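K.L.:
The sequence and its predicted three-dimensional model are supplied below.
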Amino acid sequence: MSNINRKLFFIINPLAKNGLSYRVWKQIKGNLANLQYKAYFTEARGDATNIVKRIASTEKKELLFIAVGGDGTIHEVINGAISYPHAVVGYIPAGSGNDFARGYQIPLNPKKATEVILTLLNESAESFDAGYYAGKQSGYFINSIGAGFDAEISRKANGSKMKKWLNIFSLGSLIYVFYLIMELFRYQPTTLNLIIDGKKEVFYRTWFVTVSNQPFYGGGMKIAPKADPQDGEFNIVVVHNLSRIKLLFVFISVFWGTHINYKEVDLYKGKNISINYSSPLPAHADGENIGETPLFIKLSKHRWRVLTNNKT
Ligand SMILES: Nc1ncnc2c1ncn2[C@@H]1O[C@H](COP(=O)(O)OP(=O)(O)OP(=O)(O)O)[C@@H](O)[C@H]1O
């Protein structure tokens, strides 16, 4: 039996990416013969957070929670672990978006990520900023949070039965393209009242606003190319006052991060942000639907800790 200083737990969403996650877990398991660990499978939204909180509030030893699943699973595991200083997280990506892995330099390939994490079990963890949000719901975000056009697309795509079918053929991202085109014709841009560290800004005909802790969102789009998750502030992107056809070009350019050169894209930095549209609009945190605006965001007093071999 190998010696690990931490108590080891795997939190697996067996349904992420249509069951890819479960197949990944079966492979990981084959490499754990010498380790003592416990594995938990999530059965519904919120389970991962609740499982981690339950364990962390009763165990006194240093704990390691390794999430196996998509961005939603690691988002939930960190939400559970963040307020416990003796809890560290690890991640093996097995979802469709993989923005967390991109942003925090974890291998996108699950086999490679497993090899790496198994070499780090006793290593010190790296700590990062998190955001706290309050609105209809409250919690922490690690990647990004936002509201408007993009959140509407993600809400519709995630709720679509077609996504499941397309995922079978690894074409799940097509559903986002479908709703992107639908919303491009349907969505009505509105007035955004944004307050950043006490300073009020008003934007007319706003399509969306995103507050980012790290560069990536939406499955590899570089929404905030300069965001640094250790600099103690967020990078805010507002897209406003542009035609539908120009919006399409801006949206496509987000894959390369070149959207920041458009005059209709405004960039800010800040720690305390309030997002209020003229009427409630859909909001997301790390790509998960969190209801509607208004939304209040602040840099969390808690940092979270992850095992990564890309130390800064
Ligand atoms: N057994 C389950 N049944 C249904 N939903 C679940 C289950 N376990 C977790 N969930 C929820 O499913 C959602 C999506 O999970 P996750 O992000 O891990 O997978 P994904 O959507 O395939 O990947 P990605 O977010 O990277 O695209 C999360 O909100 C999670 O809480």
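P.N.:
The structure has been received and is ready for your questions.
K.L.:
residue contacts, residue 185?
P.N.:
The contact partners of residue 185, by C-beta atoms under 8 Å, 6 or more residues apart in numbering, come to residue 244. Any C-beta I mention is one placed from the backbone N, CA and C, and that applies to glycine too.
K.L.:
what's the distance between it and the ligand?
P.N.:
25 Å (C-beta to the nearest ligand atom, to the nearest Å).
K.L.:
so that residue sits in a helix?
P.N.:
Yes: under DSSP: H, G, I helix; E, B strand; the rest coil, residue 185 falls within a helix.
K.L.:
Find the nearest non-adjacent residue to residue 134, please.
P.N.:
Setting aside the residues directly before and after it, residue 134 is nearest to residue 296 in space (C-beta to C-beta, 6 or more residues apart in numbering), at 4.9 Å.
K.L.:
so the one you found is in which element?
P.N.:
Element membership for residue 296 (DSSP states H and E) is strand 295-299.
K.L.:
what packs against that strand?
P.N.:
Counting contacts by 3 or more C-beta pairs under 8 Å, 6 or more residues apart in numbering; DSSP states H and E, strand 295-299 packs against strand 131-134, strand 144-148, strand 272-277.
K.L.:
Determine which of these approaches the ligand most closely.
P.N.:
Comparison of the helices and strands packed on strand 295-299 against the ligand by C-beta to the nearest ligand atom identifies strand 144-148 as nearest, at 12.9 Å.
K.L.:
Is any residue of the closest one near the ligand?
P.N.:
No: Strand 144-148 stays clear of the ligand (C-beta under 6 Å from any ligand atom), getting no nearer than 12.9 Å.
K.L.:
so what's the residue of the stretch 51-200 of the chain found nearest the ligand up against?
P.N.:
In the stretch 51-200 of the chain, the residue that lies nearest the ligand is residue 70 (2.0 Å; C-beta to the nearest ligand atom). Residue 70 makes contact with 13, 16-17, 21, 93-98, according to C-beta under 8 Å, 6+ apart.
K.L.:
Just read off the phi/psi values of it.
P.N.:
With angles defined as degrees, to the nearest 10, residue 70 sits at phi -100, psi -170.
K.L.:
How about residue 142?
P.N.:
phi -120, psi -40.
K.L.:
measure it to residue 115 for me?
P.N.:
23 Å (C-beta to C-beta, to the nearest Å).
K.L.:
More neighbours: which of the two?
P.N.:
residue 142 (29 against 12; other C-beta atoms under 10 Å).
K.L.:
wait, isn't the more buried one in contact with residue 76?
P.N.:
No: Residue 142 lies out of contact with residue 76 (C-beta atoms under 8 Å); the separation is 10.5 Å.
K.L.:
how far away is the residue nearest to residue 134 from residue 281?
P.N.:
15 Å.
K.L.:
Verify the contact between residue 213 and residue 133 for me.
P.N.:
No: with contacts counted by C-beta under 8 Å, residue 213 stays clear of residue 133, the gap being 11.6 Å.
K.L.:
Neighbour count for these two, which is higher?
P.N.:
Neighbour count, other C-beta under 10 Å: between residue 213 and residue 133, residue 213 has more, with 27 against 21.
K.L.:
Could you point out the longest strand of the chain?
P.N.:
Secondary structure of the chain per DSSP state E: the longest strand is strand 199-212.
K.L.:
Can you name the next helix or strand after it?
P.N.:
Next along the chain after strand 199-212, taking DSSP H and E as the criterion, comes strand 216-217.
K.L.:
Counting by contacts, list what that next one packs against.
P.N.:
helix 99-103.
K.L.:
Can you pull out the residues in contact with the helix it packs on?
P.N.:
Residues from elsewhere that reach helix 99-103 (C-beta under 8 Å, 6+ apart): 71, 74-75, 91, 93, 106-108, 113, 142-143, 213-220, 229, 286-287.
K.L.:
Please state the mean pLDDT value computed over the longest helix anywhere in the chain.
P.N.:
Among the segments of the chain that qualify as a helix by DSSP state H, the longest is helix 16-30. For helix 16-30, mean pLDDT is 93.
K.L.:
and it, anywhere near the ligand?
P.N.:
Yes: against the ligand, helix 16-30 shows contacts by C-beta under 6 Å from any ligand atom at 16-17.
K.L.:
quick one: buried residues of that helix?
P.N.:
Under the neighbour-count criterion of 16 or more other C-beta atoms under 10 Å, helix 16-30 has 16-18, 20-22, 24-25, 28 buried.
K.L.:
Quickly check the residues you listed for the two that are furthest apart.
P.N.:
18 and 28 (17.9 Å; C-beta to C-beta).
K.L.:
Now do the helix or strand hosting residue 268: which elements does it pack against?
P.N.:
Secondary structure assignment for residue 268, by DSSP H and E: strand 265-270. Using 3+ C-beta pairs under 8 Å, 6+ apart, the elements in contact with strand 265-270 are strand 234-240.
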